[in-house]
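>>> Starting from these lines, generate the structure:
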Amino acid sequence: MTPRTRQITLLNRVQVGTGRSRDWVVVIATVFLALVVLAALASPFITDAATKQSILDSLLPPGSPGHPLGTDELGRDVLLLTLAGTGSAVAGPLVIAAGSMVLAIAIGTLAGYLRGSVDWVVGRVVDVLLSLPVMLVALVVAGIFGAGYWVTVVMLVLLFSPSDIRIVRAGVTEQAPRPYVEAAQMLSLSPARIMYRHIVPNVWPLIMTNFMLNLAVALVTLSSLSFLGIGVAPGTPDWGRQITDGRGIIGDNPAMLLVPAILIVLVAMAINVLGDHLGERLRERGMQ
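Next up is the predicted model:
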């Protein structure tokens, strides 16, 4: 075996090993997210038990009998509180990412395909919205209107959509001069059919990758707003609110603060891993 052949063989082995390692990471991320989704679906059924107060069981440390993660100052079980908080931690980001994606597909495709005055107007509106800091706008709106959870979610949908519109618009602009679009135009197909039946499927890998990225960012943003007391009412099971409540008892029961904080980081990482994998698979399928 020549040195060149040995080098190629070693490189192939490294690539195979790296691919297998990455597959395991994707599997772990998928299983973890599946468990999070199950916990989110089950959260409405355990909310009453999670918010049940017992002053006699106040500030129990992790590992206490019947309370694996201890309790808070009101005697609420931290494990149940964390599981019940999964619903609000997951539902809002899903709605934010999905709503932003729908707006981006509808508006970004129009701007990228029709161009001209439509593209100019959309571009100017997007530029204005992109200049607004998301967190600051959320704080101001909440301070003026006293925004609840779902009002905050709708507000974040509107604030997340400008960057998505720009991304979809760029993808559609790149696809518009392609021969398959010209062929569809020669067949006198309607612009709506060309845009949403032919162009959008070819931009789908970009859209899905951006959707997963938005999901992770929305999770962190919504949890940050909950930490600041926006969107989620006091006493409501939520990871961001739980971190706020856990700051005062970190010396007695650090699990109250650390568990939801770690979960936010792990869920965001798992979403990014799965999003990268899904985007690669969609791009490979599109090349075939």
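>>> Sketch out the low-pLDDT regions of the stretch 51-200 of the chain for me.
146-147 (pLDDT under 70).
>>> Test my guess that Ala268 contacts Leu219.
Yes. Counting by CB atoms under 8 Å, Leu219 is a contact partner of Ala268 at 5.6 Å. In this view, the C-beta of every residue, glycine as well, is placed from N, C-alpha and C.
>>> what about the residue lying closest to Val137 once chain neighbours are set aside, how many neighbours?
Among residues not flanking Val137 along the chain, Leu159 sits closest, at 6.2 Å (CB to CB, 6 or more residues apart in numbering). Close neighbours of Leu159, defined as other CB atoms under 10 Å, add up to 21.
>>> Could you do Pro93 as well?
25.
>>> Give the other helices and strands that whichever strand or helix holds Ala84 contacts.
Ala84 belongs to helix 78-103 when assigned by DSSP states H and E. Here helix 78-103 touches helix 3-50, helix 149-175, helix 200-227, helix 239-247, helix 255-287, going by 3 or more CB pairs under 8 Å, 6 or more residues apart in numbering; DSSP states H and E.
>>> want to try a markdown table for these, with distance to Ile96 as columns?
Converted to a markdown table, the helices and strands packed on helix 78-103 look like this (distance: least, CB to CB, whole Å):
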| stretch | distance to Ile96 |
| --- | --- |
| helix 3-50 | 15 |
| helix 149-175 | 5 |
| helix 200-227 | 4 |
| helix 239-247 | 14 |
| helix 255-287 | 13 |
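>>> Quick one: closest of the ones you listed to Thr82.
helix 255-287 (5.4 Å; CB to CB).
>>> What residues of the closest one count as buried?
For helix 255-287, burial by neighbour count (16 or more other CB atoms under 10 Å) applies to 255-257, 259-261, 263-264, 267-268, 270-279, 282.
>>> Give me the average confidence score over it.
What helix 255-287 shows for mean pLDDT is 87.
>>> how much does it deviate in direction from helix 200-227?
170 degrees (axes from the mean of the first three to the mean of the last three CA atoms, to 10 degrees).
>>> gap between helix 255-287 and the chain center?
8 Å (CA atoms, centre = their mean, to the nearest Å).
>>> do you know how far the closest residue to Leu94 other than its chain neighbours is from Glu284?
Nearest residue to Leu94, sequence neighbours excluded (CB to CB, 6+ apart): Leu215, at 6.8 Å. Applying CB to CB, to the nearest Å, the value for Leu215 to Glu284 is 22 Å.
>>> And Thr109, by the same measure?
According to CB to CB, Thr109 stands 23 Å off from Glu284.
>>> Contacts only, for the nearest residue to Trp204 once chain neighbours are set aside.
Using CB to CB, 6+ apart and skipping residues adjacent in sequence, the residue nearest Trp204 is Leu282, 6.3 Å away. For Leu282, the contact set (CB atoms under 8 Å, 6 or more residues apart in numbering) comprises Trp204, Pro205, Met208, Thr209.
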